[in-house]
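Asker: Next come a sequence and a model predicted from it.
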Amino acid sequence: MRSQPTWPAIRGIAYGGDYTPEQWSRETWDEDVRLMHEAGVDLVSVGIFAWALIETDEGVFEFSWLDELLDLLHANGIRVDLGTPTASPPAWFFAKHPDARVITRDGTVMGFGARGMASHSSPAYREAIVRIASALAERYGDHPAVVLWHVHNEYGVPVGEDYSEQSVVAFRGWLRERYGSLDALNTAWGTAFWGQHYTSWQHIGAPTVAPSVVNPAQRLDFARFTDHQLRECFRAERDAIRAHADQPITTNFMANQAWVADLWAWGREVDVVSDDHYLWAADPEGEIGLAIAADLSRSVGGGKPWVLMEHSTSAVNWQPRNVAKRPGEMARNSLAHLARGADAILYFQWRASRSGAEKFHSAMLPHAGTSSRIWREVVDLGSKLDRLDELQGSVVEANVAMLWDFESFWAQDLEWRPSEDLSYAERVRAYYERLWRDGITVDFTLPGHDLSKYRLVVAPAQYLLSAADAANLTRYVEQGGTLVVSYFSAIVDEHDAVHAGGYVAPLGDALGLTVEEFLPLREGVRTRVAWRGDAQAPLTADVWHEAISLAGAETIATHLDGPGAGLPAITRHEFGAGVGWYAGTRLDAEGLRTLMHEVYADAGVAPAGHPDGLEVVTRRGDAADYVVAINHRDEPARLEASGAEPLTGTELLTGTEVDGAYQVPAGGVAVVRVEREGGGR
Amino acid sequence: MRSQPTWPAIRGIAYGGDYTPEQWSRETWDEDVRLMHEAGVDLVSVGIFAWALIETDEGVFEFSWLDELLDLLHANGIRVDLGTPTASPPAWFFAKHPDARVITRDGTVMGFGARGMASHSSPAYREAIVRIASALAERYGDHPAVVLWHVHNEYGVPVGEDYSEQSVVAFRGWLRERYGSLDALNTAWGTAFWGQHYTSWQHIGAPTVAPSVVNPAQRLDFARFTDHQLRECFRAERDAIRAHADQPITTNFMANQAWVADLWAWGREVDVVSDDHYLWAADPEGEIGLAIAADLSRSVGGGKPWVLMEHSTSAVNWQPRNVAKRPGEMARNSLAHLARGADAILYFQWRASRSGAEKFHSAMLPHAGTSSRIWREVVDLGSKLDRLDELQGSVVEANVAMLWDFESFWAQDLEWRPSEDLSYAERVRAYYERLWRDGITVDFTLPGHDLSKYRLVVAPAQYLLSAADAANLTRYVEQGGTLVVSYFSAIVDEHDAVHAGGYVAPLGDALGLTVEEFLPLREGVRTRVAWRGDAQAPLTADVWHEAISLAGAETIATHLDGPGAGLPAITRHEFGAGVGWYAGTRLDAEGLRTLMHEVYADAGVAPAGHPDGLEVVTRRGDAADYVVAINHRDEPARLEASGAEPLTGTELLTGTEVDGAYQVPAGGVAVVRVEREGGGR
Amino acid sequence: MRSQPTWPAIRGIAYGGDYTPEQWSRETWDEDVRLMHEAGVDLVSVGIFAWALIETDEGVFEFSWLDELLDLLHANGIRVDLGTPTASPPAWFFAKHPDARVITRDGTVMGFGARGMASHSSPAYREAIVRIASALAERYGDHPAVVLWHVHNEYGVPVGEDYSEQSVVAFRGWLRERYGSLDALNTAWGTAFWGQHYTSWQHIGAPTVAPSVVNPAQRLDFARFTDHQLRECFRAERDAIRAHADQPITTNFMANQAWVADLWAWGREVDVVSDDHYLWAADPEGEIGLAIAADLSRSVGGGKPWVLMEHSTSAVNWQPRNVAKRPGEMARNSLAHLARGADAILYFQWRASRSGAEKFHSAMLPHAGTSSRIWREVVDLGSKLDRLDELQGSVVEANVAMLWDFESFWAQDLEWRPSEDLSYAERVRAYYERLWRDGITVDFTLPGHDLSKYRLVVAPAQYLLSAADAANLTRYVEQGGTLVVSYFSAIVDEHDAVHAGGYVAPLGDALGLTVEEFLPLREGVRTRVAWRGDAQAPLTADVWHEAISLAGAETIATHLDGPGAGLPAITRHEFGAGVGWYAGTRLDAEGLRTLMHEVYADAGVAPAGHPDGLEVVTRRGDAADYVVAINHRDEPARLEASGAEPLTGTELLTGTEVDGAYQVPAGGVAVVRVEREGGGR
């Protein structure tokens, strides 16, 4: 086994995108290389959808065009992130292996003609991906252009769960491995309910559509199994490459869209994390979703720099209305990722495709060519990134953490919950948004992780919480931490079984309460909440009330009307050396501000105090801090120091000296290097 | 054949719920029995989803746990409603008989993992249900704890129509039986339309999805066939039990949700009617829907006392937003069922399940345990019911009837009707609601039944009406009855063919009109109606106008605008000794009040005059009337006599003497025993 | 081969409808004939859904009832449009040939029991349709009643695309024919995108559902293939009939609903165009949609008179709310079709069906019989048409054309376009509606057709535009034409590949611009547009902005806000002897009026100046013009001459002499014969 470097051999901040020369003439390749130079591009991802052009029939390889391409790029100093094309097997593969086709929950067989991998559990597919990954690594493992391996593409999109027979067989094996005995499985799945008791492993199937709602524990396990199988596919390719190549190996996540993969587990498998990020066009503040995804990408990689493998220069093509980015927005987006730890800024894609399903996706080189706003901004950003090369390797530090647990998401967002207004993502966004507006940088973490370095831990949607993880959170509070927990948390254990003792019982010590009954609201109903007894200026809530049974906690806010009228809405509990807050309702944004500002006080955390719309994140280098300030407003914003240290240093994009404050232009970005005395971290 | 008693051997009003000890440890059973005593529970339903634990492989039975359970319950004086578990065959059954799986209209095969019976027409399933029903009856037919047999669960939910090959074969047989010849079938189905003429029984299939809308007569017959097959399944089990057991046999209907079963036919098959009822949480006046279901349950059983087999102590889990019951609401609901004839008050379920799809369904013993509002109310209701034991066997009498015809529902709510705003259930609810608000107790009935005991018959949605049934209604009017018919009634015959003579023709004599043309309104359009020429204070209508051709009827209200401007909207026709009213439009609630109050006058029926929100129903015992008054308001309400007889007697829940009036507490219930002079009915 | 006449041998304007005597008794036939005489009916369509009654088993024919029927009709002077029943094969056909069943994109097999043809590519179906068409033509080719052959019914409804194996095989053959080589196909489909490269024809399938969006070029070709296969079915029947019969042969299009068939190609295959038209009930101005369909029907037939094969006397039954026609509306609709070129006015259907899916569809003879408004209006219209016989053969002339290109529709309305608010039909309607309100008669045409006779050409939605067609449009402008092009036109070539040079490039010369980037708006956003710099009274736009790169065009209107703020919204370009207008946004109706009135000025076209709601179209006969004026208002409207020639002549329906003006009654129609001096066209 070869070594496993953790960053591609490239200096400074990498810049580039997906490159699909197979769609263009050889003359265009030369133009591409010339224009890449003009834009400052130094890293391109190739080969990702080229399986049919590399392996033209089972075991028949055609490398000449790829040889020529890599040599051309190398000759021009452009590094290559070499993809394995396994996200889209060729037509001949499916023709030879029709039983490798993916089947949906309702039994629909997925055809060829779009993109999408085969069944993750198909032996033929597993064999094929190792064959092509090996062949590529054997041929290009020593190619000087190659600095990174890019396995597959976006695991989980557009293929995650598979209900084919091959998947069912593998599921049984996975269950047998997980549970050891049918008794254990029957207990874990609660099969005594609705008469689902199993007497043979062979009787267990995938959770296909059925006359009623399928066992949620089975569905949760099928989600775990799907994640596991996808990861096994990745591992098979990764190991095949590693046998022939020394470069780091990655696969591109979709941290803000595809929650099929448990990125915490995947983060341990890749040499370097990479992520694809696309704004949600209907959201007028897409930069908040961007920050969530970037912080999550950094967090699942353990804080190490990561690769922004794909984002867009302007509009995408697959949303209902594909809003274009406004002038300057692309740079703000790219540099926001950089601020949150990305050391490579890449796009899908270099040159817009003339044909196919994504021909209206923006690119670095749009259909309109170089006489276009987009091209000019691409060139400008390339030159900006050159001035930021020294940030490479610097890190982001946070003293606030938010829980993000894929298993809890998988379990919560199934059918037949108390209210369909319950949404994992909605609560995460609401709490994160509050912290973002307050200028507080956040790490994501799991409830079982070491939390001791955080002053504040936010649990926005921890529906599933094992007893062990609950104990970890309890210890965290006891030892001085501040914990804030939103409603519908600590409800079930790892088998989706309600905790003995009732709702929230595992956190009963830390929070000083349990919940007797849920009181969901009818659609559109809004109610009033008195904060610290102030019924004159009540806060507003909706979606959720509940009957809290206090066991030590203090009531901070009380429902004034609705089904919870007179009952506690928000509580606070001093436990050990710390404090446990509990929010038993959905406050609106203003209410959440009221809540969190009291929580901050308990935690000893302070809002940064920057002007509204000025997003500020600090990357910490060996000898200096880099304060990245992104101005989302239409007017200039004054950046000042938010902590004790003065804002003194150099704005790197303009070379301006900064002494205490800096005026960030409307829609612009500033990066101020503040050197630390002594120079150490 | 043994005898067929019509009520379980249990004294007074029974109280309890579904009990699933198979989900709990043996120690929990002992706690359960202790708590049942505390709550006054004397009847539990067991075994309903336990097939896999009783018959562990084909023909292999494991009774020991059930023996132990029944003995334990018996030893503690708790009676058992013993279920056959055939609503959820085991995994091994489907593994052995994959062709018994249900298939949907679009060809999707229903998998295992939820709940749901097999194909109602599968020979293997038919054999299996007889085997297990026989085995249970043989073993427990003489067990002293067993007082009632509970066949299956909620026929029609979640499995009704089945499009498997086995169902198709059975459908052909059923059709051959029904029609005798292909000529008769071709005529009945009108196959000359769209070229559907059949020349062989073998060419006939189930009405699967097809390129366009499938023959509605075929769909209607498939609905009849489905009902028939489900009933055959019931009969097979019932007869198997009866061979070994003397207790009454029932199956639990879903009168307000699952209209797959024609409950009039089912009512003749069961020894005692039982019903499951759940509030629709989005409806702020769910008590009206409850009353409909309760009256229907009583009516299909011929007026005999019935078993409320399931309802909920608080929220359910399967609706979009599962609103919890407010304090006191459970008792109001339970006693409203009792007021309308239920002599057993049971819940789903005794103890909340920790696992599975329904773990968030409320129970008598919630996850929060005995220190909970729900538990306290359960115990309180148990003691209340003890005070009402004397009501057992008393009956509800009504002099107003409403037609409820499952065949008309099946036929009406298919595709391609004049307007998608036409809804069977909507019209039933609107008319019933008017009667409910006026304090008038209603029986449901069929148009072919003997109507002579009713002063008023309401036909809210009799789209399908055979000539014979129309003649029965006509006779009813002729002989002095008052009939009110809503639009889109008497349109088609039993084969869904438009009546010769045009719309409403079969009721032309009784109503004094026919309808020349339908004039449905565009979405959201509201129009004005002048009542008895009063154009200054018009009523409001929407959804429907039509061109009425008067043939003797008098115009009572006229459209002022919309497509029917100037045409009759409401008519009245004196025919023989009676009166036929016709409503050719959808009046809003206020308009319906205007209409019905004139109808009442013709019928000699009077609104009860109770305060708004005070629901009052009288049960008539051998020697006394029991006036049950349910106060749905947040303030006390004064109950007075509504008829000639004075309200003099005893309020049973409090023991208070009543002399003329009684103050029912806010949200409370009162039951006043009024002894009759002479004591006879 | 026999001769091919282009109009049925019937004098004057034909009147009648579909006639389905197979649904009725023999006595009813006699009544029908009598009533047809009363109504002035002289042409009926028979046999359309009677396959199962004519060919009772494969190759076994039963003609006696049809013999009797045709003889009866002939004896009574009623002409016959004889249908082939191939739109609905019998049950025995599908039983014998189960693999001929149609399969949907998601794999659902379409069952029997509704209506709908078999797979267009099934050899068994192809054989069967030739067999029955031949048998009918052989037997009735010389029958004196038969004046027209009616092949099939509404090709494309309800069966268009078919994903069965037989269709896949045929698709491969069609592709091989179209492309010759796999290289050509790979290039045309852009298979280098997403790794879809094909190495064998056998690997190509239909564009079934797949994990992501299927190759749009493949889907476009599948749409072309479907149209081709349907047309091949028609040609097979047509040729089989022609071998035995001399009468003209048609098939009824659905110009306003089913865009599966490329009517331009079909127009070349039929002897006479016929069309079915139904109002869209939710549209309060359905007469505009009617006019579009009528103009399209005339246009695809090259301007020749056409047959209105089906429309309705009142409501249909298949829409969500089937609004009935108001008194007089039927005649207005029928005569509006006549005004736009229809010389036969037929309905679905003669007598309302008692049974089946369409029993609530209106008919000439409704369920209510002859004592009904509908029947009276049917009789009245019959007598009106008698007075219009001299219009037969006269033509409609237009000097404005609108592009209508089925290929562009197929390509545009696929998934993953820049905004889901883009709709082909919506833009066509918006521009057509403007012209309709301005009283300007329109021909539809293709971008490759000879446009020289038009002063103005409108391109509302020409997303797909080949380079050759773009050159034709460019020449048109250069030679003096006025062209107005809406946004999202000239984007892709015939393979759905973005044009080299970028968006709109192929029309760059004619319009003086290209488009750099699309700027779609978020849902519901409305923006302001300054017309000729007037920011005080801005126009309103929504849905779409874009970044226009001017290359010679003049900016006429500018965006005041939104993503295009400051950019051109509407431009005008003088090119050669003509003018090219471009609308880069969606103006509301008022804005479109502003735009088009300036466009008219350039084109030398003038609004007719008739009162609002008075629709006026002129048919030009050999010696006279016939001015047809349809008054859609509730009050009388004054008809005056709109051009240079005075309105002097005779109103034919009333026989009134007209001298300069005529008062058209509220809701009425007038037809003024204006004789031309000299008498020539």
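Answerer: Now that the structure is in, tell me what you want to look at.
Asker: how near is the residue in the stretch 201-350 of chain A that chain B sits nearest to to chain C?
Answerer: Nearest to chain B in the stretch 201-350 of chain A, going by C-beta to the nearest C-beta, is A:Pro211, at a distance of 2.9 Å. For the C-beta atoms, the positions are set from N, CA and C on the backbone; glycine is no exception. Shown here: A:Pro211 relative to chain C, a distance of 19 Å by C-beta to the nearest C-beta, to the nearest Å.
Asker: ditto for A:Val442
Answerer: For A:Val442, the distance to chain C - C-beta to the nearest C-beta - is 28 Å.
Asker: cool, and A:Trp259?
Answerer: Taking C-beta to the nearest C-beta, one finds A:Trp259 at 17 Å from chain C.
Asker: Count the neighbours of that residue for me.
Answerer: Using other C-beta atoms under 10 Å in any protein chain shown, A:Trp259 is surrounded by 20 other residues.
Asker: Would you mind identifying the next helix or strand past the strand or helix carrying A:Leu290?
Answerer: Taking DSSP states H and E as the criterion, A:Leu290 maps to helix A:286-300. Using DSSP H and E, the helix or strand that follows helix A:286-300 towards the C-terminus is strand A:306-310.
Asker: Which strands border that following strand, and is each parallel or antiparallel?
Answerer: Looking at strand A:306-310 with DSSP bridges, its partner strands are strand A:274-276 (parallel), strand A:342-347 (parallel).
Asker: Nearest spatial neighbour of whichever residue of chain A sits closest to chain B, chain-adjacent residues omitted?
Answerer: Closest contact between chain A and chain B, by C-beta to the nearest C-beta, is at A:Gly190 (2.3 Å). In space, A:Gly190 comes closest to B:Ser355 once its chain neighbours are excluded; the distance is 2.3 Å by C-beta to C-beta, 6 or more residues apart in numbering or on different chains.
Asker: Equivalent analysis for A:Pro418, please.
Answerer: A:Phe518 (4.6 Å).
Asker: any chance you could map the strands in the stretch 401-550 of chain A?
Answerer: A:442-445, A:456-459, A:482-486, A:513-520, A:526-531, A:534-542, A:544-550 (DSSP state E, counting those that start in this stretch).
Asker: Is it possible to get a markdown table of these that adds mean pLDDT and mean neighbour count?
Answerer: Below are the strands of the stretch 401-550 of chain A laid out as a markdown table (pLDDT from 0 to 100; neighbours: other C-beta atoms under 10 Å in any protein chain shown):
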| stretch | mean pLDDT | mean neighbour count |
| --- | --- | --- |
| strand A:442-445 | 98 | 23 |
| strand A:456-459 | 98 | 26 |
| strand A:482-486 | 98 | 26 |
| strand A:513-520 | 98 | 25 |
| strand A:526-531 | 98 | 20 |
| strand A:534-542 | 97 | 15 |
| strand A:544-550 | 98 | 23 |
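Asker: of all the ones you listed, which lies closest to C:His203?
Answerer: With C-beta to C-beta as the measure, strand A:442-445 is the member of the strands of the stretch 401-550 of chain A nearest C:His203 (43.8 Å).
Asker: ok, A:Pro568 - how many residues close by?
Answerer: Neighbours of A:Pro568 using other C-beta under 10 Å come to 23.
Asker: And for A:Ala644?
Answerer: 5.
Asker: any idea how far A:Ala601 is from the spatially closest residue to A:Tyr476 that is not a sequence neighbour?
Answerer: Excluding the flanking residues, the one nearest A:Tyr476 by C-beta to C-beta, 6+ apart is A:Leu451, at 4.6 Å. Separation of A:Leu451 from A:Ala601 (C-beta to C-beta, to the nearest Å) stands at 19 Å.
Asker: One more: A:Leu335?
Answerer: Separation of A:Leu335 from A:Ala601 (C-beta to C-beta): 32 Å.
Asker: Please apply the same query to A:Leu381.
Answerer: 40 Å.
Asker: So those two - more neighbours on which side?
Answerer: Neighbours of A:Leu381 and A:Ala601, each counted by other C-beta under 10 Å, are more numerous for A:Leu381; the result is 22 against 12.
Asker: Helix or strand for that one, just tell me which one.
Answerer: Using DSSP H and E, A:Leu381 falls in helix A:373-386.
Asker: ok, the nearest residue to A:Ala261 once chain neighbours are set aside - contacts?
Answerer: For A:Ala261, ignoring the flanking residues on the chain, the nearest one in space by C-beta to C-beta, 6+ apart is A:Gly156 at 4.9 Å. Residues counted as contacts of A:Gly156 (C-beta atoms under 8 Å, 6 or more residues apart in numbering or on different chains) are A:230, A:254, A:258-261.
Asker: least confident pick among the residues you listed?
Answerer: Scanning these for pLDDT, the smallest score is found at A:Ala258, 83.
Asker: what about the closest residue to A:Gly160 other than its chain neighbours, distance to A:Glu154?
Answerer: Once flanking residues are discounted, A:Gly160 sits nearest to A:Val260: 3.7 Å by C-beta to C-beta, 6+ apart. Separation of A:Val260 from A:Glu154 (C-beta to C-beta): 10 Å.
Asker: Compare those two (neighbour count), which wins?
Answerer: A:Glu154 (23 against 19).
Asker: Quick check: phi and psi on that one?
Answerer: Dihedral pair for A:Glu154: phi 50, psi 60, per degrees, to the nearest 10.
Asker: go on, A:Leu587?
Answerer: With angles defined as degrees, to the nearest 10, A:Leu587 sits at phi -80, psi 150.
Asker: wait, it sits on A:Val543?
Answerer: No - counting by C-beta atoms under 8 Å, A:Leu587 does not reach A:Val543; the two are 10.0 Å apart.
Asker: now A:Phe225, what's its secondary structure?
Answerer: With DSSP: H, G, I helix; E, B strand; the rest coil as the basis, A:Phe225 sits in helix.
Asker: Give me the pLDDT for it.
Answerer: A:Phe225 is given a pLDDT of 98.
Asker: related to what we said a few turns ago, compare neighbour counts for A:Leu587 and A:Val543 and give me the winner.
Answerer: A:Leu587 (24 against 21).
Asker: circling back: just checking the helix holding A:Leu290 against chain C, any contact.
Answerer: No - if you take C-beta under 8 Å from any C-beta of the partner chain as the test, helix A:286-300 misses chain C, and the best it gets is 11.5 Å.
Asker: avg pLDDT for that helix?
Answerer: Helix A:286-300 shows a mean pLDDT of 98.
Asker: so what secondary structure elements neighbour that helix?
Answerer: The contact analysis (3 or more C-beta pairs under 8 Å, 6 or more residues apart in numbering or on different chains; DSSP states H and E) places helix A:286-300 against helix A:263-267, strand A:274-276, strand A:306-310, helix A:329-339, helix A:424-437, strand A:442-445.
Asker: buried ones in the fifth one?
Answerer: Buried positions in helix A:424-437, judged by neighbour count with 16 or more other C-beta atoms under 10 Å in any protein chain shown: A:424-425, A:427-437.
Asker: residue contacts, A:Val664?
Answerer: A:Val664 touches A:614, A:629-631, A:636-639, A:670, counting by C-beta under 8 Å, 6+ apart.
Asker: Oh, that last question was meant for A:Phe406, not what I typed.
Answerer: Taking C-beta under 8 Å, 6+ apart, one finds A:227, A:259, A:261-264 in contact with A:Phe406.
Asker: picking that back up, just the CA coordinates for the helix holding A:Leu290, please, in PDB.
Answerer: Extracted in PDB, the C-alpha atoms of helix A:286-300 (Å, rounded to 0.1, in the frame of the first residue of the first chain):
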ATOM      1  CA  GLY A 286     -28.800  31.400  -0.500                       C
ATOM      2  CA  GLU A 287     -25.600  32.500   1.200                       C
ATOM      3  CA  ILE A 288     -26.800  31.100   4.500                       C
ATOM      4  CA  GLY A 289     -27.400  27.700   3.000                       C
ATOM      5  CA  LEU A 290     -23.900  28.000   1.400                       C
ATOM      6  CA  ALA A 291     -22.400  28.600   4.800                       C
ATOM      7  CA  ILE A 292     -24.100  25.600   6.300                       C
ATOM      8  CA  ALA A 293     -22.800  23.300   3.600                       C
ATOM      9  CA  ALA A 294     -19.300  24.800   3.800                       C
ATOM     10  CA  ASP A 295     -19.100  24.400   7.600                       C
ATOM     11  CA  LEU A 296     -20.400  20.900   7.300                       C
ATOM     12  CA  SER A 297     -17.800  20.000   4.700                       C
ATOM     13  CA  ARG A 298     -15.100  21.300   6.900                       C
ATOM     14  CA  SER A 299     -16.500  19.600   9.900                       C
ATOM     15  CA  VAL A 300     -16.800  16.100   8.500                       C
END
